[in-house]
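[1] generate a structure from the sequence data that follows.
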Amino acid sequence: MHGETHRRRVGSVRPSHLMFTSGVGSLVDLPNFAVLVRGLDDWDHTHAYGWEPIVEPRLLAEVRRQPAHRNVKELRPAPWTEGLERDPGGPASRVGVPTTPFPSWFRCTACDELVRLDSDMLAFENANPRRPHEARFTHNVGKHKKAKPLAVPARFVLACTDGHLDEFPYAHFVHRGGECPKAENPQLKMEDKGGNVGANVELTCLVCGESRNMRDAGGERGRENLPVCRGRHPHLGTFEPDGCGRSPKPLVLGASNQWFSELLSTLAVPSERGTGELDSLVEKYWEMLEDTPKEGYRTLRQFAPPMRDHFGRWDDDAVHEAVERHRAALEGAQEGGGGAATGHQALRTAEWEALSSPEDHVPTPDFALRRPEGGVPEELRGVFADVVQAERLREVRVLTGFTRLDSPDLDDPLAVQTVRLSREEPTWLPASEVRGEGLFLRVPEELLAGWEKRVGHSQALELHREAYGTYREKRYSDRIKSGFEPMRNWPGARYVALHTLSHLLVRAIALDCGYNAASLSERVYAGTEEDPRGGVLIYTAVPDAEGTLGGLVSQAEPERLVHLVRKALRGAMRCSSDPLCAERLPRAQADFLHGAACHVCLFVSETTCEHGNRFLDRRFVVPIGDPELALYPEVP
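    As a prediction, the model looks like this:
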């Protein structure tokens with residue numbers, strides 16, 4: 001959009017939104033219309049001065065293990081340039097994430113007529129560079145040429161579980177699958193009739209008089225009354241050659257299930273090989289060292305600032321050995337042999353080793369740990385085996401794809417259809433980084449192992465298992481035609497206990513540390529049957545601040561920690577929803593995967609919980625019924 005009244009910039013979102021709620025392929029609701037974030041092919045960093053790739057070698061290596069991302073060379077932040085505040089109409093206003101208006105059907109707020117964007121009946125207004133959110137479309141034909149009433153998006157779109165998104169076929173729908181007998185492009189009207197039962201929206205053809213209610217597009221009736229999916233990806237500007245064939249579902253603009261991000265994230269921790277600072281530097285500057293022979297190190301030491309400033313303590317032989325070690329590790333990871341963990345489980349392994357290691361790490365700007373003097377307080381010796389204060393943490397997140405209608409399953413990515421971010425295989429992916437602080441608590445392995453034996457054959461745990469199998473069967477069995485395993489990726493009993501403990505601590509911490517609960521995140525390290533672990537990391541992940549105010553780290557000081565843990569565990573003994581909450585167990589035919597848990601006692605925000613408030617049960621942590629089921633039969 002060009003010209004003095006057609007400025008490009010129409011709004012703004014935070015970088016974190018491009019990861020969680022407003023990324024590639026998503027619909028972003030602006031005050032007066034909606035836009036669709038376009039694919040990576042249309043993103044342009046050429047004029048985004050001052051940006052640098054986000055360096056996190058372990059995360060990049062894991063991304064490259066995915067078949068669709070083998071050519072990814074770097075992780076990039078969103079294109080952005082300083083100077084927007086000083087000169088809102090200057091060069092900075094032309095740098096950003098590209099979008100396109102979607103849907104392209106608009107409704108006039110004065111006469112209720114439906115108007116297409118590509119017609120000449122809409123005018124775009126965006127004259128004030130300091131108020132881009134006031135951008136709008138107006139209906140400017142006929143009796144409205146002078147008044148120019150606002151035109152808003154017609155609020156229905158179509159989506160399917162294969163990730164396609166399309167316009168709602170209003171003309172096709174009104175004429176019951178046929179054409180208007182009196183006009184090739186009939187004029188339509190949309191009227192909201194109100195009411196409190198479903199969408200009572202009446203569509204009328206102003207040419208032939210045919211009308212139909214939007215209720216006929218919902219539920220089972222929609223399967224009969226709507227055309228099959230055309231296989232459209234509007235963020236890429238493509239259609240599937242043979243269409244999709246699935247039955248699309250109508251969505252209202254702003255529906256939370258129109259877009260789910262598929263993310264990988266990791267904490268920047270020292271090398272898991274335990275060979276020290278040099279290996280961490282090689283990981284960080286791998287792009288510089290990957291194709292440089294040892295004979296070229298002398299040149300790098302002279303002219304490459306990273307080599308000159310950071311590698312002076314090691315000779316060329318030591319650097320070369322570290323480079324070859326890292327190359328071998330990457331090649332082994334890409335082969336994926338030996339039954340090694342992949343995805344976020346592989347990334348969690350390095351984090352667990354760094355956080356649980358008894359050895360002290362050299363502090364860096366991205367990672368600094370400290371153990372409180374005296375270790376675990378005497379009152380909590382039977383509760384925790386180790387307490388670690390993470391004074392500095394850096395988390396990097398990368399968007400690898402997205403889904404529609406179904407949220408992605410990190411443990412079973414093949415169960416849900418992932419939509420690609422670009423037409424061609426991408427050479428980069430969008431990423432963001434946040435800095436913060438954290439508190440790591442490790443539960444004694446002998447305590448967890450003994451508890452697992454006690455509850456392994458209990459009725460309560462068996463109900464959790466059955467509910468999980470039924471949940472997966474209902475969700476995936478019609479898509480995975482062969483080899484479907486209902487219990488695949490069952491997180492295990494110890495995950496339920498550790499996850500519940502994490503939520504109890506988050507809710508207790510939020511009242512004392514200065515951060516609200518939505519600013520806290522959790523990482524539960526439960527491992528697998530072959531590699532059991534037992535730890536919880538609670539940390540800040542605030543994108544618009546450094547997140548290192550010290551309020552969270554201070555909770556690990558002995559007096560504070562004893563108070564915190566007692567408050568969390570003793571508070572878990574009661575819930576104002578008891579006895580309903582305390583007696584709840586997951587049922588095979590119910591649509592929930594939690595036991596004694598609810599919004600009063602355990603649930604936290606979606607930004608905090610890594611598993612959507614599933615796999616929670618107070619009875620597995622504290623004695624609210626049978627003491628044999630509790631990880632801590634005696635609360636400190």
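
[2] every contact and neighbour count from this point should use C-alpha atoms.
    Will do.

[3] now the residue nearest to residue 77 when sequence neighbours are not counted: which helix or strand?
    The shortest distance from residue 77 to any non-neighbouring residue, by Cα to Cα, 6 or more residues apart in numbering, is to residue 431 (5.3 Å). With secondary structure defined by DSSP states H and E, residue 431 is part of strand 428-442.

[4] run the chain-centre distance for that strand.
    13 Å (Cα atoms, centre = their mean, to the nearest Å).

[5] other SSEs contacting that strand?
    The contact analysis (3 or more Cα pairs under 8 Å, 6 or more residues apart in numbering; DSSP states H and E) places strand 428-442 against strand 74-76, strand 386-403, strand 532-540.

[6] just want the angle from it to strand 532-540.
    Using axes from the mean of the first three to the mean of the last three Cα atoms, to 10 degrees, one finds that strand 428-442 and strand 532-540 are set 110 degrees apart in direction.

[7] with just CA atoms, put the helix ranked longest in the chain into PDB.
    Longest helix in the chain, counting residues (DSSP state H): helix 316-335. Taking Å, rounded to 0.1, in the frame of the first residue of the first chain, the C-alpha atoms of helix 316-335 are listed here in PDB:
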ATOM      1  CA  ASP A 316      45.600 -23.800  17.600                       C
ATOM      2  CA  ASP A 317      46.000 -27.500  18.400                       C
ATOM      3  CA  ALA A 318      43.600 -27.200  21.400                       C
ATOM      4  CA  VAL A 319      41.100 -25.200  19.400                       C
ATOM      5  CA  HIS A 320      41.300 -27.700  16.500                       C
ATOM      6  CA  GLU A 321      40.700 -30.700  18.900                       C
ATOM      7  CA  ALA A 322      37.600 -28.900  20.300                       C
ATOM      8  CA  VAL A 323      36.300 -28.200  16.800                       C
ATOM      9  CA  GLU A 324      36.600 -31.900  15.800                       C
ATOM     10  CA  ARG A 325      34.900 -33.000  19.100                       C
ATOM     11  CA  HIS A 326      32.000 -30.700  18.300                       C
ATOM     12  CA  ARG A 327      31.900 -31.900  14.700                       C
ATOM     13  CA  ALA A 328      31.700 -35.500  15.700                       C
ATOM     14  CA  ALA A 329      29.000 -34.800  18.200                       C
ATOM     15  CA  LEU A 330      26.900 -33.000  15.600                       C
ATOM     16  CA  GLU A 331      27.300 -35.800  13.100                       C
ATOM     17  CA  GLY A 332      26.300 -38.300  15.700                       C
ATOM     18  CA  ALA A 333      23.200 -36.300  16.500                       C
ATOM     19  CA  GLN A 334      22.200 -35.900  12.900                       C
ATOM     20  CA  GLU A 335      22.500 -39.700  12.300                       C
END
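
[8] state the next helix or strand along the chain beyond that helix.
    Downstream of helix 316-335 (by DSSP H and E), the next one is helix 343-356.

[9] can I get that following helix in CSV, CA atoms only?
    The C-alpha coordinates for helix 343-356 follow below in CSV (Å, rounded to 0.1, in the frame of the first residue of the first chain):
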residue,chain,number,x,y,z
GLY,A,343,13.5,-33.2,20.1
HIS,A,344,13.0,-31.4,23.3
GLN,A,345,14.0,-34.5,25.3
ALA,A,346,17.5,-34.3,23.8
LEU,A,347,17.7,-30.6,24.7
ARG,A,348,16.6,-31.3,28.2
THR,A,349,19.4,-33.8,28.7
ALA,A,350,22.1,-31.1,28.5
GLU,A,351,20.1,-28.9,30.9
TRP,A,352,19.7,-31.7,33.4
GLU,A,353,23.4,-32.5,33.4
ALA,A,354,24.4,-28.9,33.8
LEU,A,355,21.8,-28.2,36.6
SER,A,356,22.4,-31.4,38.5
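
[10] how far out from the middle of the chain is it?
    From the chain centre to the centre of helix 343-356 is a distance of 19 Å (Cα atoms, centre = their mean).

[11] who's in contact with whichever helix or strand comes after it?
    Per DSSP H and E, helix 343-356 leads on to strand 368-370 as the next helix or strand towards the C-terminus. Residues outside strand 368-370 that contact it (Cα atoms under 8 Å, 6 or more residues apart in numbering): 360-363, 388-393.

[12] which one of those sits closest to residue 219?
    Checking those against residue 219 with Cα to Cα, the nearest one is residue 393 at 46.7 Å.

[13] strands along the stretch 51-200 of the chain, start to end?
    74-76, 99-101, 105-108, 113-116, 122-125, 136-139, 150-153, 156-159, 165-167, 188-192 (DSSP state E, counting those that start in this stretch).

[14] to residue 311, which of these lies closest?
    strand 74-76 (22.4 Å).

[15] other SSEs contacting that closest one?
    strand 428-442.

[16] give me the angle between the strand it packs on and strand 386-403.
    Going by the same axes, to 10 degrees, strand 428-442 makes 150 degrees with strand 386-403.
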